[in-house]
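Asker: generate a structure from the sequence data that follows.
(one chain, ligands or ions: 1)
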Amino acid sequence: MRLKDKVALITGGATGLGLATARRFAREGARLVLMGRRAAKIEAAAAGLGARAVVGDSAVEADIERAVGAAQQDFGRLDILVSSTGNLAESRNVRETELAGFMESLNGNLVAPALAARAAARAMTRGGAIVLIGSTSGLIGSQNRFAYATAKSGLVGMTRQMAVTLGRDGIRVNLVAPGLIPTEFNEGYRASLGAERLAAVTAAYPMGHLGDPDDIANACLYLASDEAKWVTGVILAVDGGLTAG
Ligand SMILES: NC(=O)c1ccc[n+]([C@@H]2O[C@H](COP(=O)([O-])OP(=O)(O)OC[C@H]3O[C@@H](n4cnc5c(N)ncnc54)[C@H](OP(=O)(O)O)[C@@H]3O)[C@@H](O)[C@H]2O)c1
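Answerer: Numbers count the residues shown, from 1 in each chain. Coordinates of the predicted model:
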C-alpha cells in the first residue's frame, strides 16, 4: 500500500498509460479521480476502480479546475497529479507542418499538462507530487513529429522550472519519458509502418523489445510515492535504453 490514503488525479486515465497507472495506484491504496473527454471511456475506467470520473478537457481551464475541485470535494485534498494526456494530431516534419495542427499539438501536449500542473500546484497546500508524461520525442530528434517533439521538450523545461519553484512547498515535479509502447495512441503509426519497419523500429531499442504500460505505471508509482521524497526535477526515460545510445 505505497499510496495509502493519497488522493490522485490522473488526466488521460481512461486508456493506455494513464489507465495502467490508475490501476497500479488503486492497488497501492490511492483514492482516484480520473479525467478524460470521452464520457463512456472515463466512466468505465473509473467504475472499475471505484474512482471518481470527471468528463472534460484538461486543456480547458474550467474543466481541469473542476477535476481538481472534485478531488478536494470528494476526498478533502489533492496529493498527486499524473498528467497522461497527449495527442498525435500533427505528426509531420517541419516543412509539412501546418499552423492549425501545430497549435492543436501544442494545446494538447503542452498547454493541457501546464494547466493541470498549475491547478494541482495551487491545490497542493500541504505538498504533493506532480508527474508529467513526456516522451523520448522530447529528448532526442526523430524524422517527423516536429510539433509533438516541440511540445514534449517543453515539458522538460516545465518540469525543471516547477521543481525549483515548488520545492520549498514540498511539491515534487518529475517527468516520465516513455519510448514506444503499443496503445491506442500509436495504433495508426504502427499500422502505417507495416511489420517489417515496425520490426526495425523495435530493433533500435537496446533491450530489443517495446515497452508495456505497466513499465510507465511503475515509474509513476515510484515518483508519486514517498519513496521518492527527495527526488524532484528528474527526467526519467523509461525506454528500453533508446535514449542511452
Ligand atoms: N504509448 C506510447 O508509445 C507513448 C510514448 C511516449 C509518450 N507517450 C505519452 O503518454 C501519454 C499517454 O499516451 P497513451 O499511449 O496512454 O495514449 P492514449 O491511450 O491515447 O491515452 C491518452 C488519454 O488521454 C486522454 N486525453 C487526451 N487529450 C486529453 C485532454 N485534452 N483532456 C483530457 N483527456 C485527454 C484520452 O482520452 P479522450 O480522448 O477521451 O480525452 C486518452 O484516454 C501521452 O502524453 C503520450 O504522448 C506515449
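Asker: from now on I want contacts and neighbour counts done on CA atoms only, so please keep to that.
Answerer: Noted.
Asker: got a list of what Val173 touches?
Answerer: Ala129, Ile130, Val131, Leu132, Thr159, Arg160, Met162, Ala163, Thr232, Gly233, Val234 (C-alpha atoms under 8 Å, 6 or more residues apart in numbering).
Asker: hmm, the strand ranked longest in the chain in reach of the ligand?
Answerer: Scanning the chain for the strand with the most residues, using DSSP state E, yields strand 171-178. Yes - if you take C-alpha under 6 Å from any ligand atom as the test, strand 171-178 does meet the ligand, through Pro178.
Asker: next SSE downstream of that strand?
Answerer: For strand 171-178, the succeeding helix or strand toward the C-terminus, using DSSP states H and E, is helix 187-203.
Asker: which residue lies nearest the spatial centre of this structure?
Answerer: Ser84 (2.4 Å; C-alpha atoms, centre = their mean).
Asker: against the ligand, how distant is Ala89?
Answerer: When C-alpha to the nearest ligand atom, to the nearest Å is the yardstick, Ala89 and the ligand sit 10 Å from each other.
Asker: what about the closest residue to that residue other than its chain neighbours, how many residues nearby?
Answerer: Take Ala89 and drop its neighbours on the chain: the residue closest to it by C-alpha to C-alpha, 6 or more residues apart in numbering is Ser105, 5.8 Å away. Ser105: 26 surrounding residues under other C-alpha atoms under 10 Å.
Asker: Ser105 against Phe146, yeah?
Answerer: No - the pair Ser105 and Phe146 fails to qualify as a contact (C-alpha atoms under 8 Å) at a distance of 9.7 Å.
Asker: show me what the helix or strand hosting Asn218 is packed against.
Answerer: Asn218 is part of helix 213-224 when elements are defined by DSSP H and E. Counting contacts by 3 or more C-alpha pairs under 8 Å, 6 or more residues apart in numbering; DSSP states H and E, the secondary-structure elements packed against helix 213-224 are helix 16-27, strand 128-133, strand 171-178, strand 235-238.
Asker: what parts of this protein come near the ligand?
Answerer: Within the chain, the residues that sit near the ligand (C-alpha under 6 Å from any ligand atom) are 11-18, 35-38, 56-59, 84-87, 108, 112, 133-135, 178-185.
Asker: just the buried members of the residues you listed?
Answerer: The neighbour-count criterion (16 or more other C-alpha atoms under 10 Å) marks 11-18, 35-37, 56-59, 84-86, 108, 112, 133-135, 178-182 among those as buried.
Asker: contacts for stretch 212-221 next, please.
Answerer: Applying C-alpha under 8 Å, 6+ apart, the external contacts of stretch 212-221 come out as 16-18, 20-22, 24-25, 82, 131, 176, 178, 181-182, 238.
Asker: and of these, the nearest to Phe75?
Answerer: Of all those, the one sitting nearest Phe75 is Phe25; the distance, using C-alpha to C-alpha, is 15.5 Å.
Asker: great, nothing more from me.
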